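**Q** coordinates for the following, if possible.
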Amino acid sequence: MSLNFLDFEQPIAELEAKIDSLTAVSRQDEKLDINIDEEVHRLREKSVELTRKIFADLGAWQVAQLARHPRRPYTLDYVRLAFDEFDELAGDRAFR
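**A** Just a heads-up that it's a prediction; the model follows:
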């Protein structure tokens, strides 16, 4: 997985890895008539419920970890999506 998961997100990461591996197996073995769509659907539902459960009861430190997460978008990420032309202005620190 290329995403950075925090320690309290590890159960979610494990489920996502399992879903990814099952999806990869089903893509490789389309000729073998292996139908694991139901299992993938069940695991995705379980992942959504687990995510809701974990994020509903976060402590103060866990909220701080999420706020400082390296994959969290920055303001410029949103600005680039909202505007076509944007020039970031910086102050002239030499001017008095």
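**Q** every contact and neighbour count from this point should use C-alpha atoms.
**A** OK.
**Q** and residue 65, how many neighbours?
**A** Look at residue 65: counted by other CA atoms under 10 Å, it has 13 neighbours.
**Q** do the same with residue 47
**A** Neighbours of residue 47 (other CA under 10 Å): 19.
**Q** so it makes contact with residue 16?
**A** Yes - Residue 47 is in contact with residue 16 according to CA atoms under 8 Å; the separation is 7.4 Å.
**Q** now residue 24: how far from residue 18?
**A** Residue 24 sits 10 Å away from residue 18, going by CA to CA, to the nearest Å.
**Q** of these two, who's got more company?
**A** residue 18 (15 against 11).
**Q** so for the more buried one, what pLDDT did the model give?
**A** Looking at residue 18, its pLDDT is 93.
**Q** what about it, distance to residue 27?
**A** Computed as CA to CA, the residue 18 to residue 27 distance reads 14 Å.
**Q** give me the below-cutoff pLDDT ranges for this structure.
**A** Within the chain, the stretches with pLDDT under 70 are 1-3, 29-34, 95-96.
**Q** in it, which spans are helices?
**A** Ranges of helices within the chain are 10-28, 37-56, 60-67, 75-82, based on DSSP state H.
**Q** burial of residue 11, as a residue count?
**A** 15.
**Q** how about it, what does it touch?
**A** Applying CA atoms under 8 Å, 6 or more residues apart in numbering to residue 11 gives no contacts.
**Q** from here on, call the first residue 49.
**A** All right, first residue 49 from here; so that's residue 59.
**Q** and it, how far from residue 65?
**A** Residue 59 is 10 Å from residue 65, by CA to CA.
**Q** just residue 56 next, same as before
**A** Counting by CA to CA - residue 56 and residue 65 are separated by 16 Å.
**Q** same question, residue 74
**A** 14 Å.
**Q** who's more crowded, these two?
**A** More neighbours surround residue 74 than the other of residue 74 and residue 65, with 18 against 13 (other CA under 10 Å).
**Q** thinking that one is in contact with residue 83, fair?
**A** Yes - in this structure, residue 74 is within contact of residue 83 by CA under 8 Å, at 7.3 Å.
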